[in-house]
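Participant: let's see this in three dimensions:
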Amino acid sequence: MRVSNEYDATNNFDDRHSDGEGSERFWERAVNRAAEESDWVDFHREDGENVESNSEKVVARLRRAAEAGDPDAMFELGNLRYKGEGVEQDFAKAADLYRQAAEAGHLGATTNLGVCFHEGAGVNQDYEEAVKCWRRAAAAGDLTATRYLGNCYQDGDGVDQDLKEAIKYWRQAAEAGDPDAAFELAGRYFRGEGVARDSVESAKWLRQAAEAGLIDAMNNLGFYYYKGVGVEQNFTEAVKWARRGAEAGDSTAMFNLANLYKKGEGVEQSWEEAIKWWKRAAEAGNSDAMFNLGVCHARGDGLERDVIVAIDWYRRAADAGNSDAMFNLGVRYSKGDVLERDFIVAIDWYRRAVEAGSAKGMFALGVCYAKGRGVERDSAEAVDWYRRAAEAGSAKGMFALGVCYAKGRGVERDSAEAVDWYLRAADAGDFRAMFNLALHYCRGDGVERDYAEAEKLLVRAAENGVSRARLALAALRMKRDVG
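Facilitator: Next comes the predicted model:
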């Protein structure tokens with residue numbers, strides 16, 4: 001089940017631009033305000049066209065009300081100008097409208113004027129002025145401004161950086177019901193930043209944010225229940241929160257719900273449901289879902305096996321930035337089983353995967369340089385790519401580095417270094433590394449001879465399909481019995 005456990009949703013001020021209530025689109029709110037300012041009948045045409053479609057009249061009504069000194073109208077018109085909804089986007093005019101409404105005591109406008117100063121939208125960027133605006137609004141009870149002050153102390157924008165002070169403001173906002181602040185607190189308790197690490201406290205704040213409708217919080221609360229973080233592990237609850245997010249249109253939640261159906265965790269196993277939710281997530285732009293649909297077609301899991309269709313999904317996922325899909329396309333061009341074999345194209349896909357952070361792509365490039373596939377054979381370059389893969393967490397990269405040091409390929413032969421990389425690979429679950437490590441223990445090569453440790457490693461390797469491990473294990477036991 002893939003779900004982010006990082007918490008950075010409230011750090012982008014522009015994305016959290018306040019609209020006074022945090023739920024309705026600016027245009028919808030402006031329409032409602034305009035309707036209040038006049039006879040509702042005037043906002044309908046004889047053909048039944050509703051208020052929202054008659055944008056010019058709505059804006060005109062708001063403009064007249066604003067010119068007459070109505071701070072609510074100034075605020076709504078400022079919102080429309082800021083977002084460019086119903087009118088041409090104009091940050092300077094938005095900031096001026098916010099300033100007028102703020103001077104008349106409008107809290108939402110005071111907060112949004114602070115956003116303009118923070119982002120340099122329509123005014124010169126000035127963090128200190130932003131802080132002044134948010135302090136005034138926060139003192140009057142505006143929760144968004146209170147949360148923004150926390151963000152300023154976190155980042156050192158207009159104030160001295162002070163994470164404890166940031167947490168103080170986030171806590172104030174969260175305790176008053178702000179879901180984004182609760183989400184931020186959950187992240188701090190999860191990571192132990194500015195507070196003692198406390199997964200139970202993290203789950204408490206995450207639940208508050210989730211129950212208030214914050215989709216990021218729903219996803220992460222589902223993750224908590226899935227993993228048992230701060231709560232008792234409960235797949236049924238994980239399904240509940242994934243479903244709530246999915247039904248709200250979130251592609252990550254759709255992806256997670258599909259995975260739960262695939263595994264039959266918290267729900268009856270159903271490939272049909274898994275495919276349904278992956279398709280919905282893919283339609284919403286989720287590249288992981290696109291990749292999984294490709295895998296399903298490649299393997300015939302829940303869908304008719306069709307490698308050509310699988311490749312099409314990989315391409316879609318790769319175009320959306322999915323590094324696993326890029327790697328798989330490289331593999332397909334390397335194998336030449338469906339696509340025409342082309343190592344040059346394969347390497348291009350591996351490099352794209354690497355640029356997207358793929359350790360598998362790094363390892364694959366190492367293999368290409370080691371074997372001279374699509375590039376001139378270069379053992380030193382292969383070692384470099386294996387090392388990069390290993391440092392990125394690839395067990396295969398660790399194992400390959402061990403082999404290079406053991407054989408002196410691309411590096412000076414060094415048995416102790418080989419043993420170190422085999423140990424790391426074995427700890428990461430690579431059974432071939434366990435086999436090779438066992439041989440070093442038997443020979444006392446790069447490590448002190450230890451037949452007991454060698455036997456343990458050979459047993460694990462043999463039980464997991466390393467055929468030569470069975471022969472080596474039999475030989476070791478014979479030697480022990482004879483000796």
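Participant: the closest residue in space to residue 191 that isn't next to it in sequence: what's it in contact with?
Facilitator: Nearest residue to residue 191, sequence neighbours excluded (CB to CB, 6 or more residues apart in numbering): residue 197, at 6.9 Å. Just so you know, the C-beta spots here come from the backbone N, C-alpha and C atoms, and that holds for glycine as well. Contact partners of residue 197, counting by CB atoms under 8 Å, 6 or more residues apart in numbering, are 189, 190, 191.
Participant: tabulate those residues (CSV), appending neighbour count and secondary structure.
Facilitator: Shown next, in CSV, are the contacts of residue 197 (neighbours: other CB atoms under 10 Å; DSSP: H, G, I helix; E, B strand; the rest coil):
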residue, neighbour count, secondary structure
189, 25, helix
190, 23, helix
191, 14, helix
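Participant: ok, back up a step: mind pulling up the phi and psi values for the residue nearest to residue 191?
Facilitator: Its backbone dihedrals place residue 197 at phi -60, psi 130, with angles given as degrees, to the nearest 10.
Participant: quick check: it vs residue 451, distance?
Facilitator: As for residue 197, its distance to residue 451 is 43 Å (criterion: CB to CB, to the nearest Å).
Participant: what's the answer for residue 436, then?
Facilitator: Here the distance between residue 436 and residue 451 works out to 16 Å (CB to CB).
Participant: who has more neighbours, these two?
Facilitator: Counted by other CB atoms under 10 Å, residue 436 and residue 451 do not tie: residue 436 has more neighbours, with 25 against 16.
Participant: how about the more buried one, nearest residue that isn't a chain neighbour?
Facilitator: For residue 436, the spatially nearest residue (CB to CB, 6+ apart) is residue 422, at 5.3 Å.
Participant: repeat for residue 296
Facilitator: residue 303 (4.7 Å).
Participant: let me know the pLDDT of the one you found.
Facilitator: Predicted confidence (pLDDT) at residue 303: the value is 96.
Participant: let's verify it: helix, strand, or coil?
Facilitator: Residue 303 carries the three-state label coil when classified by DSSP: H, G, I helix; E, B strand; the rest coil.
Participant: hmm, back to that, what's near enough to touch the residue nearest to residue 436?
Facilitator: For residue 422, the contact set (CB under 8 Å, 6+ apart) comprises 398, 399, 402, 433, 434, 436, 437, 440.
Participant: mind listing what's buried in the helix or strand where residue 479 lies?
Facilitator: Applying DSSP states H and E as the criterion places residue 479 in helix 467-482. Going by neighbour count (16 or more other CB atoms under 10 Å), the buried part of helix 467-482 is 469, 472, 473, 476.
Participant: of all those residues, which comes closest to residue 162?
Facilitator: residue 469 (56.7 Å; CB to CB).
Participant: touching, that closest one and residue 454? I think so.
Facilitator: No - applying CB atoms under 8 Å, one finds residue 469 not in contact with residue 454, separated by 10.5 Å.
Participant: can you check which residues contact both of these two?
Facilitator: residue 438.
Participant: from residue 325, how far off is the residue nearest to residue 436?
Facilitator: 31 Å.
Participant: can you check residue 113 too?
Facilitator: The spacing between residue 113 and residue 325, counted by CB to CB, is 44 Å.
Participant: where does the stretch 51-200 of the chain have low pLDDT?
Facilitator: Within the stretch 51-200 of the chain, the segments meeting pLDDT under 70 span 51-54.
Participant: now with 90, please.
Facilitator: In the predicted model, the stretch 51-200 of the chain carries pLDDT under 90 at residues 51-60, 85-86.
Participant: can you pull out the helices in it?
Facilitator: Using DSSP state H, counting those that start in this stretch, the helices assigned to the stretch 51-200 of the chain run over residues 55-67, 71-83, 91-103, 107-119, 127-139, 143-155, 163-175, 179-191, 199-211.
Participant: quick check: buried residues in the first one?
Facilitator: Buried residues in helix 55-67, counting neighbours by 16+ other CB under 10 Å, are found at 55, 58, 59, 61, 62, 63, 65, 66.
Participant: do the same with the last one
Facilitator: Going by neighbour count (16+ other CB under 10 Å), the buried part of helix 199-211 is 199, 201, 202, 203, 204, 205, 206, 207, 208, 209, 210.
Participant: list the residues that contact the fifth one.
Facilitator: Right, residue 204. Taking CB under 8 Å, 6+ apart as the contact definition, residue 204 lies against 186, 230.
Participant: what's the pLDDT at it?
Facilitator: According to the model's per-residue confidence, residue 204 sits at a pLDDT of 97.
Participant: if you rank the contacts of residue 422 by neighbours, which is first?
Facilitator: Each of those was scored for neighbours by other CB under 10 Å, and residue 402 scores highest at 30 neighbours.
Participant: how about residues contacting stretch 346-365?
Facilitator: For stretch 346-365, with CB under 8 Å, 6+ apart as the criterion, the contacting residues are 318, 321-324, 326-327, 329-334, 368, 373-375, 385-386, 388-389, 392-394, 396-397, 400.
Participant: give me the buried entries from those.
Facilitator: If you count burial by 16+ other CB under 10 Å, the buried members of the contacts of stretch 346-365 come out as 318, 322-324, 326-327, 329-334, 368, 373-374, 385-386, 388-389, 392, 394, 396-397, 400.
Participant: just those: which are in helices?
Facilitator: Secondary-structure check on the buried ones among the contacts of stretch 346-365 using DSSP state H: residues within helices are 318, 323-324, 326-327, 329-334, 368, 385-386, 388-389, 396-397, 400.
Participant: I'd like to know how far the closest residue to residue 126 other than its chain neighbours sits from residue 76.
Facilitator: Spatial nearest neighbour of residue 126, chain neighbours left out: residue 117 (4.8 Å); criterion: CB to CB, 6+ apart. Counting by CB to CB, the gap between residue 117 and residue 76 amounts to 20 Å.
Participant: how does the chain divide into domains?
Facilitator: 19-141, 394-483 (automatic domain parsing).
Participant: how far does the last one sit from the chain's center?
Facilitator: In this case it means domain 394-483. Centre-to-centre, domain 394-483 and its host chain are 37 Å apart (CA atoms, centre = their mean, to the nearest Å).
Participant: just the CA atoms of the helix or strand containing residue 245, as CSV, please.
Facilitator: Take DSSP H and E as the rule and residue 245 turns out to sit in helix 235-247. These are the backbone C-alpha positions of helix 235-247, laid out as CSV (Å, rounded to 0.1, in the frame of the first residue of the first chain):
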residue,chain,number,x,y,z
PHE,A,235,-7.3,-3.0,7.9
THR,A,236,-11.0,-2.3,8.0
GLU,A,237,-10.4,1.2,9.2
ALA,A,238,-7.7,1.6,6.6
VAL,A,239,-10.3,0.7,4.0
LYS,A,240,-12.8,3.1,5.4
TRP,A,241,-10.4,6.1,5.2
ALA,A,242,-9.1,5.1,1.8
ARG,A,243,-12.7,4.8,0.5
ARG,A,244,-13.6,8.2,2.0
GLY,A,245,-10.7,9.8,0.2
ALA,A,246,-11.4,7.9,-3.0
GLU,A,247,-15.1,8.9,-3.1
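Participant: nothing else from me, thank you.
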